[in-house]
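[1] sequence and predicted structure are below.
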Amino acid sequence: MSFWSQAIEIARVDLRVERRLGDTMRIVLPFAVVALLIFPLTLGVDLTAVSRLGPAVFWALGILFGMQVALRQAAHDDRERRDLYALLGVDPAARFAGRTISGAVLMTGFLAVLLVAMIVLYSPRLPDGWLGPVVLSSVLVAIGLTELGTLAGEVTAGLNNRTALASLIVAPLALPLVIGASQTLEALARDASILPWVLVLVATDLALAVAGVGLARPLEEASR
Amino acid sequence: MTRVKVLLAVAALAMAIGLWFALTAPTDALQGDFTRIINIHAPSMWLAFLAFGVTALGSAMWLIRKHNRWDRLAEASAELGVMFTAIGLFTGMVWGKAVWGRAWDWGDARLATSAVMFFVYVGYLALRAATPDPIERARRSAILGVIAVIQVPLVYFSVNLFRTLHQTQSIRPDGATMPQEMAIAILVNVIAYTILYVALLVARIDVAKAEERVANEDALAGDTVKPPRLSEVKDV
Amino acid sequence: MDRLIDLSQIGVSLGGMPVLRGIDLSLGPGDSLGVTGPNGVGKTTLLRVLATLLAPAIGSGSVLGAGLGTPAVYDVRSRIGLLSHRPSVIPELTLEENLRHAAALVGASYEKVAKALRVVGLDDVAARRGEVSSFGMLRRAEVARLLITAPRVLLLDEPFTSLDVEAQELIGALVTRTTSDGGAVVMVSHEAGQLASHTSRLLSMSLGHLEQQP
């Protein structure tokens, strides 16, 4: 089977497992929406400030909870599963690509629902033409965060406190994604070009893709 | 299934009557036809609280009696509660956005409590879905069901206090200034929705019983593993 | 390629502790080897080295012509089959879906999946998810997967544990098929008696070394 065929087959099964387990949509997403609900109450601010904070809170929670979406597959990857894929001749780089595809699909859906929830709860004043740039930056964040989560999952495979450790690794490295995404909307609001910020997101995604594919084999060896 | 069909037929009739009342009741002078949403919003929220109360009752009774019927009741009612809360929240947001320009009112303690309740029971259902063993599932969700019902009033009071301290106003009209015809329409719809809830509850419990029957049949699956065909191994 | 497995003075450490030392092993087409020894002596580690999943720290070796610890192992892994101590089945998928997934990844047809399920006796329960299948059913599903992938080197870790007679016979048939097709089999177990009836040679493992069975 070719590289991309393997990747797509792994993504397909990954999404089927997620549909049955429902980790992302039934657990992580409601959790993230509760956080959206709690935030204004803990701040105790007026409604105008809540409106202004909406997009920032969306991206912050999107990244923080999105990490859990990105790391969920790593949680299911025990030694027997990894050996199985290795002995079925699956290229570790194809496995990385497949995980990225499935994770990005899930994460995009997750961010889309979270965005709707934020708009409803915070009533933010969004600039004209916001939908396209926000969708684009959400997709790019989804890809980048999934790549980071997959890499962090590989690096921490088999270790104690793996999930917490992987989250700690992902959070600071996700900063370019947070900045690129939040500043895209800010630039739009100021009538400035969004291109630099989109390029930050694209560059981050590409760098992580190259790292993921290039380091896939050493990572797999290190995890044994 | 016959009693379910009868109940659903009665519910359909009651909903039709409720709809007629909703469409013919007077409206608020300022809000116009948007007022009619209250005939969906208010009954849904009432049913949500009722449903979660029934879940709490089922949970407590399971912990005392350990009989399956209470777990089935708790589960079915929680599912309906989540559905009615979602309808109530959605209609409330549509109403708020249409009339006051804001879908969400941070000053409304009932709204915030309902939203919290929605997620508590989403978590309840997620816990059930994640627990394969039926006894463990019943036990864990019964414990959560009891904890949730203790916690929800505390959520209401704390959010209400928050509202008082931050001096935000509830923007939803209370019943005090409502014309009598409007109040009657709401009451008729509350009754209609309650009948619908009972019908759906009975139907859902019947489905749960059927699921248990199928699961018990599956448990004998060791019998359906056939002897291997050793002579055909080389032909695969 | 004369030897399917060729190890010379292999040593492996795990977590800083030496587990295998001075392992010499050579198997050709049609060979079957049983390795016995008490729990914790390194039998599973030996199998994982043979599966190319663990690179040796000391010594050299090859499996199916690929040097251990070199990138060449990626080209031969799909021709190695491993039946681990714990079943490696995706629990959220049905038994049939698990096999179809494996078949898709190795380029085998779905007809083969149906045939394999029938041969191992799981055709009536193929729609059962892994998470609600018994250990015996999962083992049979793994045998079905190995029938589909038809490995040249077959490695089995305590394969008969907790299995009924029919399932044990099935594993025996898998071993026979592999060796008669020119492959090699290595089976480990703490019970020497089980190994003797399924392999042509028996070694015992002690303190990380392989020795002739007394």
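    Yep, it's here. Because the structure is a prediction, the values reported are computed rather than measured.

[2] list the residues that contact the residue most central in space within chain A.
    Nearest to the mean C-alpha position of chain A, by Cα atoms, centre = their mean, lies A:Leu145 at 3.4 Å. If you count contacts by Cβ atoms under 8 Å, 6 or more residues apart in numbering or on different chains, A:Leu145 has them with A:63, A:66-67, A:69-70, A:103, A:107, A:170, A:174, A:177. C-beta coordinates here come from the backbone N, C-alpha and C atoms, glycine included.

[3] ok, A:Leu64 next?
    With contacts defined as Cβ under 8 Å, 6+ apart, A:Leu64 is in contact with A:Ala171.

[4] burial check on the closest residue to C:Gly107 other than its chain neighbours, number of neighbours?
    Distances taken as Cβ to Cβ, 6 or more residues apart in numbering or on different chains put A:Met1 closest to C:Gly107, at 5.4 Å, once the chain neighbours are dropped. In terms of burial, A:Met1 registers 18 neighbours under the definition other Cβ atoms under 10 Å in any protein chain shown.

[5] tell me who's in contact with A:Met1.
    Counted by Cβ under 8 Å, 6+ apart, A:Met1 has contacts A:9, A:89, C:104-107.

[6] gap between it and C:Gln194?
    With the distance defined as Cβ to Cβ, to the nearest Å, A:Met1 ends up 36 Å from C:Gln194.

[7] still on that earlier bit, any chance of the contacts of A:Met1 in CSV with distance to A:Asp191 as columns?
    Formatted as CSV, those follow (distance: Cβ to Cβ, whole Å):
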residue, distance to A:Asp191
A:Glu9, 46
A:Gly89, 53
C:Ala104, 50
C:Leu105, 51
C:Val106, 55
C:Gly107, 54
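
[8] among those residues, the buried ones, what's the PyMOL command?
    Paste this into PyMOL to select the buried members of these, with burial taken from 16 or more other Cβ atoms under 10 Å in any protein chain shown:
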select buried, (chain A and resi 9+89) or (chain C and resi 104+105+106)
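
[9] looking at the contacts of A:Met1, which are in helices?
    A:9, C:104-106 (DSSP state H).

[10] on that earlier part again, between the contacts of A:Met1, which is nearest chain B?
    If you rank the contacts of A:Met1 by distance to chain B using Cβ to the nearest Cβ, C:Val106 comes first, at 13.2 Å.

[11] residue contacts, the closest one?
    Applying Cβ under 8 Å, 6+ apart, we find C:Val106 in contact with A:1, A:88-89, C:78, C:148-149.

[12] closest one to A:Glu186 out of the residues you listed, please.
    For these, the minimum distance to A:Glu186 (Cβ to Cβ) is 44.4 Å, reached by A:Met1.

[13] mind checking the pLDDT average for the lengthiest helix in chain B?
    Across chain B, the longest stretch assigned as helix under DSSP H is helix B:180-218. Confidence for helix B:180-218, expressed as mean pLDDT, is 90.

[14] same check on stretch A:33-53?
    For stretch A:33-53, the per-residue pLDDT values average out at 82.

[15] and it, anywhere near chain B?
    Yes. Interface with chain B: stretch A:33-53 contributes A:33-34, A:37, A:40-41, A:44, A:46-47, A:50 (Cβ under 8 Å from any Cβ of the partner chain).

[16] so what pairs up with C:Ser189 in the strands?
    Counting by DSSP bridges, C:Ser189 forms beta bridges with C:Thr36.

[17] related to what we said a few turns ago, and the residues of stretch A:33-53 next to chain B as CSV, adding neighbour count and secondary structure?
    Conversion of the residues of stretch A:33-53 next to chain B to CSV gives the following (neighbours: other Cβ atoms under 10 Å in any protein chain shown; DSSP: H, G, I helix; E, B strand; the rest coil):
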residue, neighbour count, secondary structure
A:Val33, 23, helix
A:Val34, 17, helix
A:Leu37, 18, helix
A:Pro40, 22, helix
A:Leu41, 16, helix
A:Gly44, 10, coil
A:Asp46, 13, coil
A:Leu47, 17, helix
A:Val50, 19, helix
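
[18] of those, closest to chain C?
    When these are compared for distance to chain C (Cβ to the nearest Cβ), A:Val33 comes out closest, at 24.8 Å.

[19] ranges for the strands of chain C?
    C:5-14, C:17-27, C:32-36, C:58-63, C:66-67, C:80-83, C:153-157, C:184-189, C:201-206, C:209-212 (DSSP state E).

[20] to A:Asp83, which of these lies closest?
    Taking Cβ to Cβ as the criterion, strand C:80-83 is the member of the strands of chain C that comes nearest to A:Asp83, at 6.4 Å.

[21] partner strands of that closest one and their direction?
    Here strand C:80-83 has these sheet partners by DSSP bridges: strand C:153-157 (parallel).

[22] close to chain C: what parts of chain B are there?
    Listed as neighbours of chain C in chain B under the rule Cβ under 8 Å from any Cβ: B:132, B:218, B:221-222, B:224-230, B:232-236.

[23] element containing residue 112, please.
    I went with chain A, as the question did not name one. Counting by DSSP states H and E, the element that carries A:Ala112 is helix A:92-122.

[24] that was the other one, I meant chain B.
    Using DSSP H and E, B:Ala112 sits in helix B:109-130.

[25] quick one: the helix or strand following that helix to helix B:180-218, angle?
    Remark: after helix B:109-130, the chain's next helix or strand is helix B:134-165, criterion DSSP H and E. With axes from the mean of the first three to the mean of the last three Cα atoms, to 10 degrees as the basis, helix B:134-165 and helix B:180-218 are set at 150 degrees to each other.

[26] list the buried residues in helix B:134-165.
    Of the residues in helix B:134-165, those scored as buried under the neighbour-count criterion (16+ other Cβ under 10 Å) are B:137-142, B:144-146, B:148-149, B:152, B:155-156, B:159-160, B:162-163.

[27] any idea of the mean pLDDT for it?
    Taken as a whole, helix B:134-165 carries a mean pLDDT of 78.

[28] is the worst-scoring helix or strand of chain A on mean pLDDT anywhere near chain C?
    In chain A, the helix or strand scored least confidently by mean pLDDT, DSSP states H and E is helix A:216-222, which has a mean of 81. Yes. Remark: helix A:216-222 sits within contact range of chain C at A:217, A:221, by Cβ under 8 Å from any Cβ.

[29] show residues contacting that helix.
    Where contact means Cβ under 8 Å, 6+ apart, the residues beyond helix A:216-222 that reach it are A:82, A:86, A:91-93, A:95-96, A:151, A:154-155, C:55, C:71, C:74.

[30] C:Val185 reaches C:Thr179, doesn't it?
    Yes. Taking Cβ atoms under 8 Å as the contact criterion, C:Val185 and C:Thr179 are neighbours in contact, 5.8 Å apart.

[31] show me what from chain A comes close to chain C.
    Proximity of chain A to chain C is confined to A:1, A:6, A:9, A:13, A:16-17, A:20-21, A:80-81, A:83-91, A:217, A:221, A:224 under the rule Cβ under 8 Å from any Cβ.
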